[in-house]
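> model this:
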Amino acid sequence: MFNGIIINSKFKQMATLTKKGSYKNNKAGKLIQMAVIYLLITLILPGKLFSQNELNVLKGNWLYYTDAENFLYHHLSGQAYDLLEKRSDAVSKINSLEEWKQRQQFIKETLLDIVGPFPEKNPLNAKIVRTINKEGFRVEHIIYESQPGNYVTSSMFIPESLKQGDKAPAVIYCSGHSAEGYRSQVYLHVISNLAKKGFIVFAFDPVGQGERLQYIDESTGKSLISGLNEHSHAGCQSFITGSSQARYMIWDGIRAVDYLLSRPEVDPARIGITGRSGGGTQSAYISAMDERIYAAAPENYLTNFKRLLQTIGPQDAEQNMFNIIYRGLDHPDYLIVRAPKPALMITTTRDMFSIQGVRETEKEVSRIYKAYNKEDNFSRTEDDAPHASTVKNREAMYAFFQKHLNNPGNPRDEETEPFTPEEVRVTSTGQVFTSLKGETNFSMNLKDAEKAEVSLEKSRSNPDTHLPRILEMAKNLSGYREPTKEDEPVFHGRFQQDGFSIEKYFIKGEGEYVIPYLLFIPGKSNSQAIICLNPAGKPKDINNLGEVEWLVKNGFTVLAPDMLGTGENGPEKVVYNHNYIKIWYASMLVGRSIVGIHAGDVVKLVNVLQKREEISQIRGFARKEMAPVLLHAAAFCPGISSVALIEPYSSYSSVVSNKFYNPGFIYGAVPHALKAYDLPDLAASLAPRKLLIAGATDGNDNLSGENDRDLLLVRSTYKIKNAANKLSIIPEKPGENLFSLISDWIK
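Here you go, the predicted structure:
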């Protein structure tokens with residue numbers, strides 16, 4: 001503590017010197033003037049200076065927990081490492097070809113179960129819309145339907161050396177994450193080289209790229225979703241429904257094979273596939289799931305999950321599959337499943353996809369080719385470069401296809417004639433959406449969601465069997481784990497306030513992380529406690545405690561935590577973008593969900609409160625994005641006697657049904673939830689416990705309204721359970737009426 005007398009004395013000396021002008025006209029004088037101002041603020045507003053930090057539990061206090069903002073990611077990746085180690089150990093014990101074949105069958109069945117089921121094959125209705133001629137080949141621009149009304153823009157590059165009646169090998173080219181799709185000059189250079197070397201090349205636009213933008217602004221012709229995030233925007237909705245972005249993209253590729261086989265000039269026994277980056281993803285997936293592809297050369301993608309999680313983390317939606325690590329699969333399995341068919345890994349040492357993971361994958365995959373006595377069918381090329389196409393790697397790829405698709409020739413990378421935008425345009429307007437309309441991933445997923453809703457409605461007709469069943473399904477799908485009761489909180493200080501005190505604690509979570517929380521203890525307790533969940537975390541400013549201060553001054557003990565990813569356990573500024581969604585993907589890879597982990601931690605905090613002798617009843621209060629967490633926790637824990645949800649989003653189906661949903665809502669979503677339950681089911685399961693829902697919104701953050709079907713479901717169940725008087729649904733945002741609503745709720 002500073003001695004106030006000394007400070008005042010020094011302040012007077014500085015003030016006197018400054019007034020006399022002793023330091024007025026030099027640099028030192030300006031520094032002293034700044035010091036005087038600082039001291040003046042210190043004397044006048046001491047509370048304000050320290051208020052931003054005094055409610056911290058970890059930051060600035062515990063060196064051991066300086067990486068708290070990464071707790072959630074480390075917790076999830078740690079679970080992944082354990083699962084991957086188990087898988088690696090099992091694969092390392094495979095010693096015979098028969099055991100490898102059993103592994104291949106397991107991979108095949110597991111992949112199909114994770115990604116599928118695929119839709120029935122419809123007529124492709126393929127049309128060659130126009131043809132252009134280039135040096136050494138011609139280009140046919142084609143549109144086909146991978147599903148009814150789902151138009152895929154594509155181009156077939158046909159060597160001029162191909163004679164009438166001849167059959168040639170074909171290579172499917174998959175585009176990486178370029179806005180132009182396969183029209184990127186880098187990709188067209190590779191395609192042109194292959195065509196000049198006598199290969200038919202079939203390139204198609206991935207959804208969300210090239211001429212297949214899904215969220216197009218017709219006035220500008222550009223996507224309304226920033227960057228190349230169309231994949232993840234639609235992909236998150238697909239995951240909630242029980243599908244995936246990968247499923248749609250793999251199916252486009254499988255139908256590309258169907259189209260190739262419909263062409264008389266294509267030799268069905270000599271089909272290959274390649275692509276770089278996101279194209280490497282697609283070529284790895286498609287060749288793993290379509291046995292008609294003989295030779296595969298994925299570029300700049302395959303590594304392994306351990307190194308991926310240690311470096312850049314999970315990427316776009318299509319590069320993640322539901323529970324894939326939990327189900328025992330890793331990147332090498334995409335190649336293992338197709339052995340002994342020819343495969344080439346095209347890699348660079350400075351790629352964002354870890355080269356160490358590449359080498360580890362190569363080592364593992366080579367073992368199955370050795371077991372088949374087909375070592376020459378598997379190889380890897382490596383160049384010292386970043387995430388890029390190089391001459392060395394391109395020439396290795398040309399040679400690979402020349403050898404394995406039986407099309408000998410010179411593998412040298414040749415200069416090629418560039419294409420103009422007009423030459424590579426397929427549709428009349430340059431976009432499927434403006435020229436043909438048709439389906440999008442959003443519209444197709446919405447149909448799947450509507451089918452799931454029909455199934456749910458049928459189950460809901462019998463609440464007595466439906467509600468117990470969905471609780472078990474919610475536990476399984478969310479990855480909820482019953483918390484231990486043995487852990488004890490760590491105390492870290494107390495503040496005395498007018499009529500109450502604030503105590504600082506943290507407690508161990510389910511993993512190697514801690515949950516910091518504040519305990520607000522009233523001077524005169526009413527024997528009730530409330531856990532307050534806020535998406536921003538616990539209060540940060542002792543002078544701005546919000547509803548917490550009102551509650552504690554009305555006799556409630558209030559526990560306000562920083563859940564993983566929030567407050568001290570999260571980044572300084574939360575931005576709901578692609579990087580933030582990575583962590584949601586990471587949870588899905590290991591069979592968990594963020595909301596399931598949070599729910600377990602909330603129940604652990606309930607256990608903490610139950611140990612306090614003065615507490616006889618525990619309630620839950622949650623705002624906005626934290627509402628799904630509290631709903632799950634309360635549904636799984638009868639110890640939460642009543643629940644208040646302030647401005648929650650009403651359901652997962654409302655997120656799926658809104659084309660432009662609030663991305664911040666994804667963090668509280670459970671992948672595949674709609675195959676079994678929705679948030680209104682959890683709310684209904686609370687009957688006859690008291691429930692307040694105020695200002696519910698849809699998936700786009702618009703007020704739902706009193707007749708919203710999700711809220712009507714909750715009303716009907718409470719009525720069936722003779723608990724209508726325990727339910728209060730307020731359609732408007734509470735605003736200044738919040739404390740009045742809370743008063744009614746706690747009566």
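
> which regions of the protein sit below the pLDDT cut-off?
Within the chain, the stretches with pLDDT under 70 are 1-52, 227, 573-579.

> And the longest helix seen in it, how far out from the chain middle?
Identified as the longest helix of the chain according to DSSP state H is helix 71-92. Computed by C-alpha atoms, centre = their mean, to the nearest Å, the chain-centroid distance of helix 71-92 equals 18 Å.

> Which parts of that helix count as buried, going by neighbours?
71-73, 75-77, 79-81, 83-84, 87-88, 91 (16 or more other C-beta atoms under 10 Å). C-beta here means a position set from N, CA and C on the backbone, and glycine is covered the same way.

> With distance to Val454 as extra columns, can I get these in JSON lines?
Shown next, in JSON lines, are the buried residues of helix 71-92 (distance: C-beta to C-beta, whole Å):
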{"residue": "Phe71", "distance to Val454": "40"}
{"residue": "Leu72", "distance to Val454": "35"}
{"residue": "Tyr73", "distance to Val454": "37"}
{"residue": "His75", "distance to Val454": "37"}
{"residue": "Leu76", "distance to Val454": "34"}
{"residue": "Ser77", "distance to Val454": "38"}
{"residue": "Gln79", "distance to Val454": "35"}
{"residue": "Ala80", "distance to Val454": "35"}
{"residue": "Tyr81", "distance to Val454": "40"}
{"residue": "Leu83", "distance to Val454": "35"}
{"residue": "Leu84", "distance to Val454": "38"}
{"residue": "Arg87", "distance to Val454": "37"}
{"residue": "Ser88", "distance to Val454": "42"}
{"residue": "Val91", "distance to Val454": "41"}
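
> of the residues you listed, closest to Leu645?
Closest to Leu645 out of the buried residues of helix 71-92 is Leu72 (22.9 Å), distances taken as C-beta to C-beta.

> Please tell me how far the closest residue to the closest one other than its chain neighbours sits from Val190.
Here the nearest residue to Leu72 in space, its sequence neighbours aside, is Leu564; by C-beta to C-beta, 6 or more residues apart in numbering that works out to 4.0 Å. Noted for Leu564: a distance of 43 Å to Val190, by C-beta to C-beta, to the nearest Å.

> before we move on, the earlier item: state whether the residue nearest to Leu72 is indeed within a strand.
No. Leu564 is assigned coil when assessed by DSSP: H, G, I helix; E, B strand; the rest coil, not a strand.

> ok, Glu547 touching Leu741?
No. Look at Glu547 against Leu741 with C-beta atoms under 8 Å: they stay out of range, at 10.3 Å.

> higher neighbour count, these two?
Taking neighbours as other C-beta atoms under 10 Å, Glu547 and Leu741 compare with Glu547 leading, 21 against 18.

> Can you name the residues that contact the more buried one?
By C-beta atoms under 8 Å, 6 or more residues apart in numbering, the contact list for Glu547 reads 532, 621, 738-739, 742.

> Of these, which pair is most distant in space?
Cys532 and Phe739 (13.8 Å).

> neighbour-wise, which of those two wins?
Each of Cys532 and Phe739 has its neighbours counted (other C-beta under 10 Å); Cys532 has more, 26 against 12.

> Give the helix, strand or coil label for Tyr301.
Going by three-state DSSP: Tyr301 is coil.

> Verify the contact between it and Gly280 for me.
Yes. Applying C-beta under 8 Å, one finds Tyr301 in contact with Gly280, separated by 2.9 Å.

> quick one, which of these two is more surrounded?
A direct count of neighbours by other C-beta under 10 Å for Tyr301 and Gly280 places Tyr301 higher, at 28 against 25.

> Can you name the residues that contact that one?
With C-beta under 8 Å, 6+ apart, Tyr301 has these contacts: 276-281, 284, 319, 353.

> quick one: Lys437 and Gln214, what's the gap?
Taking C-beta to C-beta, one finds Lys437 at 12 Å from Gln214.

> err, Ile254, not the other one
Ile254 is 20 Å from Gln214, where distance means C-beta to C-beta.

> quick one: secondary structure of Phe352?
In this structure residue 352 is Met, not Phe. coil.

> now swap in Pro298 and tell me
Criterion first, three-state DSSP; result for Pro298: strand.

> Identify the bridge partners of it.
Gly275 (DSSP bridges).

> Verify the stated contact: it with Gly275.
Yes. When contacts are counted by C-beta under 8 Å, Pro298 is listed as touching Gly275 (6.8 Å).

> Show me whatever sits in contact with both of these two.
Here Pro298 and Gly275 share the contacting residues 281, 283, scored by C-beta under 8 Å, 6+ apart.

> first to last residue in stretch 724-738, what's the distance?
Taking C-alpha to C-alpha, to the nearest Å, stretch 724-738 runs 21 Å from one end to the other.

> Flag every buried residue along that stretch.
Result for stretch 724-738 [16+ other C-beta under 10 Å]: buried residues 726-727, 729-730, 734, 738.

> do stretch 655-666 as well
655-659, 661-666.

> Equivalent analysis for stretch 311-327, please.
Buried, per 16+ other C-beta under 10 Å, within stretch 311-327: 314-327.

> Pipe those into a markdown table and attach secondary structure and distance to Ala246 per row.
Below are the buried residues of stretch 311-327 laid out as a markdown table (DSSP: H, G, I helix; E, B strand; the rest coil; distance: C-beta to C-beta, whole Å):
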| residue | secondary structure | distance to Ala246 |
| --- | --- | --- |
| Pro314 | coil | 12 |
| Gln315 | coil | 12 |
| Asp316 | coil | 10 |
| Ala317 | helix | 8 |
| Glu318 | helix | 5 |
| Gln319 | helix | 8 |
| Asn320 | coil | 8 |
| Met321 | coil | 6 |
| Phe322 | coil | 9 |
| Asn323 | coil | 13 |
| Ile324 | coil | 10 |
| Ile325 | coil | 15 |
| Tyr326 | coil | 16 |
| Arg327 | coil | 14 |
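
> Once you drop chain neighbours, what's closest to His233?
Nearest to His233 is Ile225, by C-beta to C-beta, 6+ apart, at 5.0 Å.
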